[in-house]
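[1] pasting a predicted model and its sequence here:
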Amino acid sequence: METPLDIHFNNMEHSEAVEAAIQKRASKLEQFVDRITSCHVFVDAPHHHHRKGNRFEVRLEVRIPGKELAVNNKPGDVNKHEDVYVAIRDAFNAMERQLKRWKRQVSSEPRVRAAPLLQGRIAEIYLDEGYGQVATTDHRLVYFHENSVVDESFTNLKKDDPVELVVQTDESEKGPQASTVRRITPLQFVDKPR
């Protein structure tokens, strides 16, 4: 998660054991979706009955890129939510189902690439000016800017490093230009066009 787990207790005392149970379940959410940006958990004991115990409500708010998922687990007359750990379990199980459903929806959408990936070697690099050129396997010289380098710093690149790149469909005034450049290992490099 990008931000730390946020836990709130309402109408009840803070409990280290309950907090530990929540942290354990929250860490498992990233098994379903690895791009969780934040998770907020609210544990509430709103009902105060003299004959029966409190019925706990556990609400979850999970944010992922472009979406916020929420579980508002109101106990109603469900006696099993007199146990806070059962209420936590049910709320996190519901969130896991939502995350799985969201992941299925996202993965079923067709992914469109702007252009096919090419490979090449860095032919020229100007660290002070922030640009370079890649000699591709299809015998073109492609300009790239330092902002197009992904997975590492522009300053780590050297002449003759093998790279994988995506060439923009529209040419710039400098000719073909790479929108993405990523250094690859020599074992991944194929010297002939695919």
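    Done, it's in. Numbering: from 1, shown residues only.
[2] what is the longest helix along the chain packed up against?
    In the chain, assigned by DSSP state H, the helix with the most residues is helix 84-108. Contacts defined by 3 or more CB pairs under 8 Å, 6 or more residues apart in numbering; DSSP states H and E place helix 84-108 against helix 16-29, strand 38-44, strand 57-64, strand 67-73. Quick note: C-beta positions are derived from backbone N, CA and C, even for glycine.
[3] following it, which helix or strand comes up?
    strand 117-126 (DSSP states H and E).
[4] so which elements touch that next one?
    Strand 117-126 makes packing contacts with strand 131-136, strand 141-145, strand 162-167 when contacts are defined by 3+ CB pairs under 8 Å, 6+ apart.
[5] quick one: closest of those strands to Lys80.
    Across the helices and strands packed on strand 117-126, the minimum distance to Lys80, taken as CB to CB, is reached by strand 162-167, at 52.6 Å.
[6] what's around Arg101, how many residues?
    Counted with other CB atoms under 10 Å, the neighbours of Arg101 add up to 12.
[7] ok, back up a step: figure out which of the helices and strands packed on helix 84-108 is closest to Val134.
    That would be, of the helices and strands packed on helix 84-108 and by CB to CB, strand 57-64, which comes in at 34.0 Å.
[8] may I have that closest one as CSV, with CA atoms only?
    Extracted C-alpha coordinates of strand 57-64, given in CSV (Å, rounded to 0.1, in the frame of the first residue of the first chain):
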residue,chain,number,x,y,z
GLU,A,57,-19.9,-3.0,12.6
VAL,A,58,-16.7,-3.1,10.5
ARG,A,59,-16.5,-0.7,7.5
LEU,A,60,-13.7,-0.8,4.9
GLU,A,61,-12.7,1.7,2.3
VAL,A,62,-10.0,0.6,-0.2
ARG,A,63,-8.7,2.8,-2.9
ILE,A,64,-7.1,1.5,-6.1
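[9] contacts for stretch 31-45, please.
    Contact partners of stretch 31-45, identified using CB atoms under 8 Å, 6 or more residues apart in numbering, comprise 1-3, 5-12, 18, 22, 26, 29-30, 54-65, 84, 87-88, 91, 96, 99-100, 102-103.
[10] ok, now stretch 120-130?
    Contacts made with stretch 120-130 from outside it, assessed by CB under 8 Å, 6+ apart, are listed as 132-137, 141-142, 145-147, 154-155, 157-163, 165, 189.
[11] which stretch of helix or strand covers the residue most central in space within the chain?
    Central residue check for the chain by CA atoms, centre = their mean: the C-alpha nearest the mean position is that of Arg35, 1.9 Å away. Counting by DSSP H and E, Arg35 is held by no secondary-structure element, helix or strand.
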